[in-house]
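# sequence and predicted structure are below.
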Amino acid sequence: MKQKPNDEQDKQTEFISGRHPVLAALESERPVNKIFLQKGIQPSFAAKIEKLAKQRKIIISRVPKTKLDELTKQQNHQGVLLTLAAYQYADLNEILQQTTQHHQDPFLLILDNIEDPHNLGSIMRTADAAGVTGIIIPQRRAVQLTATVAKTSTGAIEHVPVARVSNLVQTVKQLKKENFWIFGTDMAGQDYRQWNAQGPVALIIGNEGKGISPLLKAQCDQLLTIPMIGHVQSLNASVAAGLLIYQGFTSRGN
């Protein structure tokens, strides 16, 4: 799905490094400005990059490893880097219209102030694998779509539309008017293994430390919990999201 640009994003540039994220970006419709390819890189991989670059008429710059180390601030770039326009966000109404056109019940994720880009990237990777319709994030006080998110998602960022909204509570209220069932997580909720996610649903994943905000939790039709019998009574946000997403995936007959 094409994601809509905004004026602020048009002025920004992103770097993407790593073989899987770079290939995913080149195979998508995103406008790529330039490719930096490490000298002496594996010939078969270089040939794949060159073929995609030729198809899209993108300039390749052959550079030493030290140049890529500098551009990526010593990150593991795997010998390749792209420069391209900053990631753009989808329109929520268009996400919903597309599912209607395909006669599918939407399965949305709402991320309540997720702060760690690695968590967002991992959640996107699971969302893509499980066929999640789209992700909703707030405009403020939360991680946005960045190069770190892109690399962690290993290309999923090119396939899972992300809508950015100014007020999550108002967005949830609007979804409820459109017959969505809203689910969230809470220690006192129902065992997530009993969750039936059929129909139009939205699942809220809370902040890494604070969980779901009280105002948003009050909008949930049902709360879910992940039973834990060990000494640590909490899970990483992306791990918890993965368990819940796949329970939803299974209960929807997939």
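Done, it's in.
# next, count neighbours for Gln161.
Quick fix: residue 161 is Pro, not Gln. When neighbours are counted by other Cβ atoms under 10 Å, Pro161 registers 20. C-betas here are computed from N, CA, C, even on glycine.
# which stretches of the stretch 151-254 of the chain have low pLDDT?
Residue ranges of the stretch 151-254 of the chain with pLDDT under 70: 233.
# now the strands for it?
162-165, 181-191, 201-205, 222-225 (DSSP state E, counting those that start in this stretch).
# three-state assignment of the residue nearest the centre of the chain?
Taking Cα atoms, centre = their mean, the centroid of the chain lies closest to Met124, which sits 3.2 Å from it. Three-state assignment for Met124 (DSSP: H, G, I helix; E, B strand; the rest coil): helix.
# how about the contacts made by it?
Ile135, Val149, Thr152, Ser153, Ala156, Ile157, Val160, Val162 (Cβ atoms under 8 Å, 6 or more residues apart in numbering).
# try 10 Å
Counting by Cβ atoms under 10 Å, 6 or more residues apart in numbering, Met124 touches 109, 111, 132, 135, 145, 149-150, 152-160, 162, 238, 241.
# now, of those, which are buried?
109, 111, 132, 135, 145, 149-150, 152-158, 160, 162, 238, 241 (16 or more other Cβ atoms under 10 Å).
# out of those residues, which sit inside helices?
With DSSP state H as the criterion, helices contain Val149, Ala150, Thr152, Ser238, Ala241 from among the buried ones among the contacts of Met124.
# His20 versus the last one, what's the distance?
Pointing back at Ala241 there. Going from Ala241 to His20 by Cβ to Cβ, to the nearest Å gives 20 Å.
# with the first one instead?
Val149 sits 14 Å away from His20, taking Cβ to Cβ as the criterion.
# try the fourth one
Distance of Ser238 to His20, given as Cβ to Cβ: 17 Å.
# check the second one too.
Taken as Cβ to Cβ, the spacing of Ala150 relative to His20 amounts to 10 Å.
# shared neighbours, the two?
By Cβ under 10 Å, 6+ apart, Ala150 and His20 have these common neighbours: Ala156.
# so which bits of stretch 159-177 are buried?
Buried, per 16+ other Cβ under 10 Å, within stretch 159-177: Val160, Pro161, Val162, Ala163, Arg164, Val165, Leu168, Thr171, Val172, Leu175.
# OK, contacts around Ala147?
Ala147 is in contact with 13-18, 21, 72, 75, 81-82, 84, 86-87, 117, 121, 157, counting by Cβ under 10 Å, 6+ apart.
# quick check: which element contains Ala25?
helix 19-27 (DSSP states H and E).
# what's the mean pLDDT across that helix?
Helix 19-27 shows a mean pLDDT of 90.
# going forward, count from 607.
All set: I'll call the first residue 607, so the last point we hit is now helix 625-633.
# what residues does it touch?
By Cβ under 10 Å, 6+ apart, helix 625-633 touches 620, 622, 624, 636-638, 641-643, 647-648, 651, 654-655, 657-659, 661-662, 664, 683-688, 690, 727, 753, 755-765.
# report the angle between the axes of the following helix or strand past that helix and helix 625-633?
Scanning forward in sequence from helix 625-633 by DSSP H and E, the next helix or strand is strand 638-644. Using axes from the mean of the first three to the mean of the last three Cα atoms, to 10 degrees, the inter-axis angle of strand 638-644 relative to helix 625-633 is 150 degrees.
# domains of the protein?
Here the domain parsing of the chain from automatic domain parsing is 613-691, 698-857.
# so of those domains, which one's packed in deepest?
domain 698-857 (a mean of 18; mean count of other Cβ atoms under 10 Å).
# three-state assignment of the residue nearest to Ser623 when sequence neighbours are not counted?
For Ser623, ignoring the flanking residues on the chain, the nearest one in space by Cβ to Cβ, 6 or more residues apart in numbering is His683 at 3.8 Å. Of the three states, His683 takes coil according to three-state DSSP.
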